[in-house]
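Student: Sequence and predicted model, in that order:
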Amino acid sequence: MTSVTDAAPAKPAFRLTRLFQGLERVVVPALLIAGWEAFARSGVLPPALLPAPSAVLHALGDWVFGFDETTQTYSGHWLRDALASALRVFGGFALASLLGILAGVAIGWSRLFEKTLEPTLQMLRPIPPVSWIPLAIIWFGIADKPAIFLVFLGAFFPVLMNSIHGVKTVDHNLVRAGAMMGASQRQMLTDIVLPAALPSIFAGLRIAVGSAWMLTVTAEMVAVKSGLGYVLWDSYYFLRYDIVLAAMISIGLLGYLSDLGLKAIMARTLRWQTTTTVQGRAG
């Protein structure tokens, strides 16, 4: 039995461990930023071509808060631009997730859907989403629709392939056990196959959300006149590389936050998997 005196020193030790774990996450970014700052100030490249991190941070701050209008027409409009991009990302991602999971589960579970749907989808999969840009502009015009369409194309196939893989790799003993207990095909699909396939499906969703951010920025450079991608491309034309880098940082941060959100949902949904894994290790 652990005494109070034994447990008391454990708290500072635990906090120290958490502190070191937090520092581990920022060591590499801090070193990269320090090296970038030193190289930018060395004069090897003109500041206009390689802005220092301090200059990029200043541009990002003005873009967000609008304190001195150094970013000109973008000053104070970061939230508007970020929301425009986020709406396109999550619109296309939601549609791709829904259709990708439905099609993937159908193909993985049914031989009929596998024979009829999979060949066509596998033929479309290697086509780069950016090659659809001319058709997307012709079909949908210069607005949100072509961007959402391109995001959908980029996010759909990772979800589809991981859903197929998740269903096909379900332990057949679980399916046999369900059949022996009198479960119907629908019950086996909803109560056995889908829960077992969820880890693979979530892996596909995490890949897809990253692809969604990449594709919406690409679409905004060509087919849309607002959003982070549009600001990035427009700033390039005016040689404002500090704003270009600020836009890249914004996209990276928003993509990272999107992934963190998915990880939180995954951890909550797959709580049973964590419990099972811990019990298995303990045994």
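Tutor: Received the coordinates, thanks. Not measured: the values here are computed from a predicted model.
Student: right, and Ala52 touches Ala40 too?
Tutor: Yes: Ala52 sits in contact with Ala40 when judged by Cβ atoms under 8 Å, with a separation of 3.8 Å. Just so you know, the C-beta spots here come from the backbone N, C-alpha and C atoms, and that holds for glycine as well.
Student: Tell me where the protein has helices.
Tutor: With DSSP state H as the criterion, the chain has helices at 4-7, 10-41, 53-65, 78-109, 111-116, 118-124, 133-140, 144-168, 172-180, 185-188, 194-222, 228-237, 241-269, 271-282.
Student: before we move on, back to that, okay, Ala52 and Ala40: which has more neighbours?
Tutor: Remark: of Ala52 and Ala40, Ala40 carries more neighbours, 20 against 17, as counted by other Cβ atoms under 10 Å.
Student: didn't the more buried one look like it was pressed against Ala48?
Tutor: No: using Cβ under 8 Å as the test, Ala40 is too far from Ala48 to be in contact (11.0 Å).
Student: that older thread, next, format the helices of the chain as a markdown table and append mean pLDDT and distance to Gln72.
Tutor: A markdown table is the format used below for the helices of the chain (pLDDT from 0 to 100; distance: least, Cβ to Cβ, whole Å):
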| stretch | mean pLDDT | distance to Gln72 |
| --- | --- | --- |
| helix 4-7 | 50 | 59 |
| helix 10-41 | 77 | 22 |
| helix 53-65 | 93 | 9 |
| helix 78-109 | 95 | 13 |
| helix 111-116 | 92 | 53 |
| helix 118-124 | 93 | 42 |
| helix 133-140 | 89 | 28 |
| helix 144-168 | 93 | 24 |
| helix 172-180 | 84 | 60 |
| helix 185-188 | 84 | 59 |
| helix 194-222 | 91 | 19 |
| helix 228-237 | 92 | 10 |
| helix 241-269 | 94 | 9 |
| helix 271-282 | 54 | 49 |
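Student: and among those, the most buried is which?
Tutor: helix 144-168 (a mean of 25; mean count of other Cβ atoms under 10 Å).
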